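# fold the stuff below for me.
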Amino acid sequence: MGYAKVLLGVVLVTALAATSTAQTKLKCSIEGSTCPALIDYLSPNNTNITAIQSLFQVKKFRNLLGANNLPTSTPSDKNVNATEKIRIPFTCLCANGTGVSNRKPVYKVQKDDFMYHIAKEVFSGLVTFQQIADVNGVPDPNRINPGQELWIPLPCSCDKVNGIKVVHYGMLVDEGSTVEGIAEQYGTTSATLLTLNNMADPSKLQAGQVLDIPLPACSSHVSNNSLDYPFLLANGTYVYTAYNCVKCKCDSANNYTLQCESSELKSTNWTKCPAMKCQGADSLFIGNKTSSGCNQTSCVYSGFTSQTILTSLVTESICPALSAAWKIGFQGLGWNFFLFISFQLMIFLSLHLS
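Reported below is the predicted structural model:
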């Protein structure tokens, strides 16, 4: 790296440290726990979705599509404009009271790179150069070498919000956005957002800031001994799991209940995907339902182990519940009807026995 580039890096790191958007560390309470998380990415240049997958080391291309609810037929060379946000799925790790991406992505330093450029431009300001320096034990951010590998600690959390499991989504704030408007857009409250993001004053919201948004997660029956536990999927997303054998989606239209089915894809770990039949229901496979009267029984995905896919039979009522007023009216009608019949019976008996 030439002296001019080194000097430029020093000047930029020093001068821009005070003006760059400070990204808040997000609280993550249970030490060592992991969970799925999402974060926005805004590429500095026109690129394609495969390049973004490579930069963030997203293991499965289909799951990058799923995080953005893109069709499974989306080509790997799909163009992504510089102004287009892409949601990145990753695993969050709770460490030292805060949440960071679990040792990924790892960025290899290129010739003429300096740390501010890596943080602000390559990774669109999702982290600060100082945060990168700290987690990688780099004493001087101005001194990095080509080929050096740097872990990029994306902010995240695994904590429940108001006692409810959620998917934490790091949203890049747009120019002109307000805390109140964002809260309304994502079905939460300003107070919740301020607390999550350790903000006292909503007017201090900055464009380019990563704001932690708690996205509702679909309820599921995934066992806590499943290899993909905790299985948290946000509304409007889908994911492939169980070594690519199962596709699950979350949609508010389905009452925030996880919907899973066979992916019909080749397994990434098994010779072929195991049977996905529910025990006790000869004809039901994952995703199948059967109804009898007011009861509907579903064969649902319950996770997977190294050897098999777990399933469960779940029965629920599909008849509308009676309202309290209707029940009272019905009970009143029943009592009146009983009195009426009793009275008629008494008249009938008196006429025929006299």
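# how about the helices in the stretch 1-150 of the chain?
Applying DSSP state H, counting those that start in this stretch to the stretch 1-150 of the chain gives helices spanning 3-16, 49-56, 61-67, 115-117, 129-135.
# distance between the fourth one and the chain's centre?
How far helix 115-117 lies from its chain's middle: 29 Å, per C-alpha atoms, centre = their mean, to the nearest Å.
# how about the third one?
Counting by C-alpha atoms, centre = their mean, helix 61-67 is centred 12 Å from the centre of its parent chain.
# tell me what that helix is packed against?
Secondary-structure packing of helix 61-67 (3 or more C-beta pairs under 8 Å, 6 or more residues apart in numbering; DSSP states H and E): helix 49-56, strand 85-95, strand 237-241. (C-beta placed from N, C-alpha, C; glycine too.)
# take the ones you listed and write them to JSON lines, including mean neighbour count.
Converted to JSON lines, the helices and strands packed on helix 61-67 look like this (neighbours: other C-beta atoms under 10 Å):
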{"stretch": "helix 49-56", "mean neighbour count": "17"}
{"stretch": "strand 85-95", "mean neighbour count": "20"}
{"stretch": "strand 237-241", "mean neighbour count": "22"}
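# mind putting those into CSV with distance to residue 263 and mean pLDDT?
Formatted as CSV, these follow (distance: least, C-beta to C-beta, whole Å; pLDDT from 0 to 100):
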stretch, distance to residue 263, mean pLDDT
helix 49-56, 19, 98
strand 85-95, 17, 98
strand 237-241, 6, 98
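# what about the protein, any weak spots by pLDDT?
Scanning the chain for pLDDT under 70 picks out the ranges 1-22, 321-354.
# pretty sure residue 23 sits against residue 131.
Yes - between residue 23 and residue 131 there is a contact under C-beta atoms under 8 Å: 7.0 Å.
# at which residues are the helices of the stretch 151-300 of the chain located?
For the stretch 151-300 of the chain, applying DSSP H, counting those that start in this stretch gives helices covering 179-185, 190-196.
# now find how far off-centre the last one is within its chain.
It refers to helix 190-196. On C-alpha atoms, centre = their mean, the centre of helix 190-196 falls 18 Å from the chain's centre.
# same check, this time on stretch 243-252
Mean-position distance between stretch 243-252 and its chain equals 12 Å (C-alpha atoms, centre = their mean).
# give me the buried positions along it.
Within stretch 243-252, the residues scored as buried using 16 or more other C-beta atoms under 10 Å are 243-251.
# most widely separated two among those residues?
Using C-beta to C-beta, the buried residues of stretch 243-252 span at most 23.8 Å, a distance reached by 243 and 251.
# hey, C-alpha coordinates of stretch 118-128 in PDB?
What follows is stretch 118-128, C-alpha atoms only, in PDB (Å, rounded to 0.1, in the frame of the first residue of the first chain):
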ATOM      1  CA  ILE A 118     -14.500  -1.300   4.700                       C
ATOM      2  CA  ALA A 119     -17.000  -0.300   7.400                       C
ATOM      3  CA  LYS A 120     -18.700   2.600   5.700                       C
ATOM      4  CA  GLU A 121     -18.600   1.700   2.000                       C
ATOM      5  CA  VAL A 122     -18.100  -2.100   1.600                       C
ATOM      6  CA  PHE A 123     -20.500  -2.900   4.400                       C
ATOM      7  CA  SER A 124     -22.700   0.200   4.000                       C
ATOM      8  CA  GLY A 125     -22.100   1.500   7.500                       C
ATOM      9  CA  LEU A 126     -23.700  -1.400   9.300                       C
ATOM     10  CA  VAL A 127     -20.700  -1.300  11.700                       C
ATOM     11  CA  THR A 128     -18.100   1.300  12.600                       C
END
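# of the helices and strands packed on helix 61-67, which approaches residue 194 most closely?
Closest to residue 194 of the helices and strands packed on helix 61-67 is strand 85-95 (C-beta to C-beta; 21.0 Å).
# adjacent strands (with direction) for that closest one?
Neighbouring strands of strand 85-95 in its sheet, by DSSP bridges, are strand 34-42 (antiparallel), strand 98-101 (antiparallel).
# who's in contact with the shortest one?
So that's strand 98-101. If you take C-beta atoms under 8 Å, 6 or more residues apart in numbering as the criterion, strand 98-101 is touched by 25-28, 37, 90-93, 135, 152-159, 168.
# list the contacts of the residue lying closest to residue 177 once chain neighbours are set aside.
Leaving out its chain neighbours, the residue that sits closest to residue 177 by C-beta to C-beta, 6 or more residues apart in numbering is residue 205, at 6.7 Å. Shown in contact with residue 205 (C-beta under 8 Å, 6+ apart): 173, 177-179, 199, 211.
# what's the farthest-apart pair in the residues you listed?
177 and 199 (13.2 Å).
# of all the helices of the stretch 151-300 of the chain, which lies closest to residue 115?
Between residue 115 and the helices of the stretch 151-300 of the chain, the shortest separation by C-beta to C-beta is 27.7 Å, and it involves helix 190-196.
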